[in-house]
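what follows is a predicted structure for the sequence shown.
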Amino acid sequence: MNWLIAVLQTTLFVVLAPLLAGWVKWCKCRLQNRKAPSLFQPYRDLLKLTNKQPVVAEQASWIFLIAPYIIFSATVLAATVVPLIAVDLPTSASADVIVMVGFFAFARFFLALAGLDIGTAFGGMGSSREMTISSLAEPAMLMAIFTLTMTASTTNLSFAITHVLNEGLVLRPSFVFALAALTLVAVAETGRIPVDNPATHLELTMIHEAMILEYSGRHLALIEWASQLKLMLYGVLIANIFFPWGIAETFSIQALGYGLLAIIGKLALLAVFLAIAETLFAKMRLFRVQEYLSFAYLLGLLGLLSHIILEAAR
Amino acid sequence: MIAAYLVLLIPLIGIVFFALAGHREDTGKLNIRFNAVCFLATIWLAINVLNQGTIVSSEKAFLIDPFNVYLIVLTAFVGLTTSIFSSPYMEHEKEIGKLSDGRLKLYHSMFQGFMLAMYLVLTTNNMGIMWVAMEGATLATVLLVSLYRTPESIEAAWKYFILCGVGIAQALFGTILLYYAAVQIGDGENALLWSVLYENATQLNPEILEIGFVFLLIGYGTKIGLVPLHNWLPDAHSEGPTPMSAVLSGLLLNDALYAVVRNKMLVDGATHSNMAGYLMMGFGLLSFLVAAILLHRQKDIKRLFSYSSIEHMGLMTFSFGIGGPLATFAALLHMTVHSLTKSAIFVTVGHAAQLAGTQKIDQMRGLIKTQPKIGWGLLIGTISIAGFPPFGVFTSEFLVLLATMHSYPWLTLPLLVGIGIAFAGLFRHIQPMVYGERPENQKPISANLWPVMIHLALVLWLGLAIPGFLANWFSQATLLISGSTPL
Amino acid sequence: MNIEQLDFYTQAILSMAALVGLTSFLMLGQGRLLRLIFVFALQGFLLTLTTALAAYSLNNHHLYISAVLTLVLKVVFIPWMLRRQVLQMNMHRDIEALKNNTVVMLGGASLMVFSYYVLHPIVQSSSVVMLNALAVSLSVMLLGMLLMISHRQAIAHVVGFMSIENGLFFAAIVATNGMPMVVELGVAFDVLVAAVLFGIFFFHIRTSIDSLDVDLLNKLHEVDK
């Protein structure tokens, strides 16, 4: 039964990710006073790309060819670990939150390799920028996650969220810091403004796009899908770790239904905030991303310190 | 008790009066009269304590016991003699154009403000008010250090303000920890009163008090001038007007040491290790040695003597740190004679600087030939502060050495070496100043050297024979501080 | 004693303690003076809120007076005075390039760990819950000193000094529910006089060396040259 729910959750993740991306784009367009495309446009884009034949450069190696599949599978594996509508997943028992971060790193590694593979200048530039950002963002994310795991005394995401859920409304200073840190890191890792503009056409300002400039057809479809899935994953992490109310603790249809509604509501709200932030802020110059991420790391560290100093049992 | 209130009230009236009246012909003399009345009040207070023993005011706000009564009289006395010196001195400064009326008004009202802060530190029973008064003393004098408005004096005043301000903030943290320890054993409103704390000292939590004492030592130690927190002292003493240097050296350092020793009494009652004593010994010895060495490199005469102040305060802290009755008696005596001698020296130095027109040692020569009183005053003052018999400083330093030989024999060597180095440093600079060739256009100035002579005579008397009541107070204070008498 | 078992007010006070610590870190990274003064005012405001919350939950009325004192002094008067001076001296357009921002921030974090280590025996031996925040207050003090060390402008020094006083005030609230009223008034008076004196000083320094960069105040040496 549990495994069935796990498979259902993963499918929901994969299926709903483009919808979230569409919703974010819809909100941004409305905020910028433009007519927005339909919410289901990303599905149509993915379908269109899948039907086209991929064009691969002559110098491409096998890494270029298998990278999209690896990236997509790694992100889906990360998605199996994160509770979406229900906690108490068997996958959480076999892979904890550190493994999830490892999956992200795995996907990122192959993406960077693919960017370097063809030998174009932009690809290399994108890969090096992405690696710089992630080398600073990963410790910050781990700090924020550790605050949660130290509170719950476990790295199993399901158990951690259950622990937080069962305590009721507790105002913890460490969570305030961890939430801020994770939000900053999420923006950096998913490549949104103010770190990276996902809609830019200027190659010199690209980070994520620069690595995938050479991809087309079904390869590009898989990579796009993977990045939409990553955005949804970070959103679910923020929503379910810090505001877990509504998530199903039992496996009845009613509880699962409530869980689905709750997460859709939370993700929709987060997407609105993201759209507002993207509209309000300008993209930072690359050398300032380091300060931004150091600040995120500092917040994570402060969260950890607040936990030890202010909250831990004596 | 009225005497104590009077002692505090008179400087308060003085502040308001000088601030409102502005600078007139006779402001200097009025200042002298305020201080004289205050001095009489302190003598009355001392007689009360002599007759009744320790006085505690109603609501226990003020406490006059043998430890602080002679310090109060000393403060008033040094304040009086310094104001006698400062009256013609500041007029002369105004004549040569270094100061204006407005600044003199500030000077006189802040002088009274400083005296008020000093009396408050000494008479209060509340450790929090003691802190407020120490900070108040800093604030009262910070504008006076930069009175001449030269770039160096502004820099010195800024350094003084920041260093002492930050340092004293540490002391406030220590006081908060002390209050916390006190609140643990009940009491609430009375928890910051020293007399109450002293009675219940054994019940206070030793860990909290140890951590608190470290902060208190660092905080008040900045105001004492302990190395490495001493950086403000040479600058503030050398750039401010000379009467300011005299009171800072003579009074403020003493009061800060008094605050530390009051806290040490509480810590010793609560803990049973000698941690407070060791800390004070360490810092004291370090200050003593570093200052003695740095004396040699000085080129400004006021900086030279301010390093000498650091050295002596280090010696006193070291001696209080040793803690036994002999060492404590020696330290109490040293506080008195050092205060008298140092203020006398600064008064003489002020006159010498006016005579030579400069504060640089290289440019001051032939003082004895030009104006024998100043030259001899400087020479005898230096002899006294360096520890020559039969002056009082020799007696107290000798007692410190005895106490060290008794408790920590191996520390006697650094002490002796330090005394020797300081002696050499002082005389190396003073000797050419006093005996050198007289430059052409140096003329004698009008100078009132009575304060100097009275101070040095007192120091001589204290060196030869301590009067009965004073020795009695010293013994009682020693009993209070170290738990046994030195006899 | 875990945080879940405490009542809501204590949780809120501890959370605000953490936020006060955050404002200290934010001050460390500010290059612009007006923003620095604003974050300092924010810290004062958070402190006022904490004091008021503590007064309400402990039913201690003279903490309300302390809160009002803090509000008037640290949130309104001192930032207003500093801001006026910055604007008068035309310094609001200067940006102080902080060389080692990351190193300073990490130094600040290690100061927080250090203050926790120093106060650990005291906190362990007490049953008062709010005492956990004593480590935060000591670290606010130490971070104020770090602010003074890492900035060159004299106004930043004053903000650091006042931030040290903020930390001390917070320590008093947390450890002992406020000092006796007479001491509190004395400390507030001292802070007020210190602030006024600082203002006078800025004027003198500016007149003397024509800037407020204290690195230029270097004529006096330890050993005369």
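Okay, I see it.

by mean pLDDT, which helix or strand of chain B comes out lowest?
The helix or strand with the lowest mean pLDDT-type score in chain B, counting by mean pLDDT, DSSP states H and E, is strand B:55-56 (a mean of 78).

I'd like the distance from that one to the chain centre, please.
24 Å (CA atoms, centre = their mean, to the nearest Å).

could you please name the strands that strand pairs with and the direction of each pair?
In the sheet containing strand B:55-56, its partner strands are strand B:63-64 (antiparallel), by DSSP bridges.

ok, residues contacting the partner strand?
Counting by CB atoms under 8 Å, 6 or more residues apart in numbering or on different chains, the neighbours of strand B:63-64 from elsewhere in the structure are B:4, B:45, B:48-49, B:54-57, B:72, B:123-125, B:194-195. C-betas here are computed from N, CA, C, even on glycine.

also stretch B:345-353?
Among residues not part of stretch B:345-353, those counted as contacts by CB under 8 Å, 6+ apart are B:81-82, B:85, B:89, B:242-243, B:245-246, B:249-250, B:301-302, B:305, B:359, B:364, B:367, B:374, B:377-378, B:381-382, B:385, B:433, B:445, B:447, B:449, B:451-452.

rewinding a little: identify the farthest-apart pair in the contacts of strand B:63-64.
B:48 and B:194 (19.4 Å; CB to CB).

follow-up on the earlier one: filter the contacts of strand B:63-64 down to the buried ones and hand me the ChimeraX line.
Taking 16 or more other CB atoms under 10 Å in any protein chain shown as the burial criterion, the selection of buried members of the contacts of strand B:63-64 in ChimeraX is written as:
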select /B:4,45,48,49,55,72,123,124,125,194
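
so of the contacts of strand B:63-64, which ones are in helices?
Counting by DSSP state H, the members of the contacts of strand B:63-64 that fall within helices are B:4, B:45, B:48-49, B:72, B:123, B:194-195.

just the closest of those to residue C:70, please.
Looking at the ones in helices among the contacts of strand B:63-64 and their distance to residue C:70, the nearest is residue B:194, at 27.5 Å (CB to CB).

quick one: mean pLDDT for the strand or helix carrying residue C:147?
Using DSSP states H and E, residue C:147 sits within helix C:133-150. Averaged across helix C:133-150, the pLDDT comes to 90.

got it, and stretch A:5-16?
90.

only alpha carbons, please: show that stretch as CSV.
Listed in CSV are the C-alpha atoms of stretch A:5-16, where the atom choice follows Å, rounded to 0.1, in the frame of the first residue of the first chain:
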residue,chain,number,x,y,z
ILE,A,5,1.2,5.8,-2.5
ALA,A,6,4.9,6.5,-3.2
VAL,A,7,4.5,5.8,-6.9
LEU,A,8,1.3,7.9,-7.0
GLN,A,9,3.1,10.8,-5.3
THR,A,10,6.0,10.6,-7.7
THR,A,11,3.7,10.6,-10.7
LEU,A,12,1.8,13.6,-9.3
PHE,A,13,5.2,15.4,-9.0
VAL,A,14,6.1,14.7,-12.6
VAL,A,15,2.7,15.5,-13.9
LEU,A,16,2.1,18.7,-11.9
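
quick check: buried residues in that stretch?
A:5-6, A:9-10, A:12-14, A:16.

what about the helix or strand where residue B:316 lies, near chain C?
Here residue B:316 sits within helix B:301-322, counting by DSSP H and E. Yes. Part of helix B:301-322 sits close enough to chain C to count as contact by CB under 8 Å from any CB of the partner chain, namely residue B:303.

distance check, residue B:21 against chain C.
As judged by CB to the nearest CB, to the nearest Å, residue B:21 and chain C stand 21 Å apart.

quick check: closest non-adjacent residue to that residue.
Nearest-residue entry for residue B:21: residue B:27, 7.3 Å, with adjacent residues in sequence omitted and distances by CB to CB, 6 or more residues apart in numbering or on different chains.

the one you found reaches residue B:106, doesn't it?
No. With contacts defined as CB atoms under 8 Å, residue B:27 does not count as touching residue B:106, sitting 11.5 Å away.

who has more neighbours out of those two?
Counted by other CB atoms under 10 Å in any protein chain shown, residue B:27 and residue B:106 do not tie: residue B:27 has more neighbours, with 22 against 19.

what helix or strand does residue A:37 sit in?
Assigned by DSSP H and E, residue A:37 falls within no helix or strand.

residue 268 - how many residues pack around it?
All of this refers to chain A. Counted with other CB under 10 Å, residues neighbouring residue A:268 total 14.

you looked at the wrong chain, it should be chain B
The criterion is other CB under 10 Å. On that basis, residue B:268 has 21 neighbouring residues.

thought it was touching residue B:276?
Yes. At 6.1 Å, residue B:268 and residue B:276 qualify as touching, with contact defined as CB under 8 Å.

name the helix or strand for whichever residue of the stretch 1-150 of chain A sits closest to chain C, please.
Checking the stretch 1-150 of chain A residue by residue against chain C with CB to the nearest CB singles out residue A:136 as nearest, at 10.1 Å. Secondary structure assignment for residue A:136, by DSSP H and E: helix A:121-152.

which residue is nearest the middle of chain C?
With distances taken as CA atoms, centre = their mean, the residue of chain C nearest its centroid is residue C:163 (1.6 Å).

where's it relative to chain B, distance?
As defined by CB to the nearest CB, residue C:163 lies at a distance of 10 Å from chain B.
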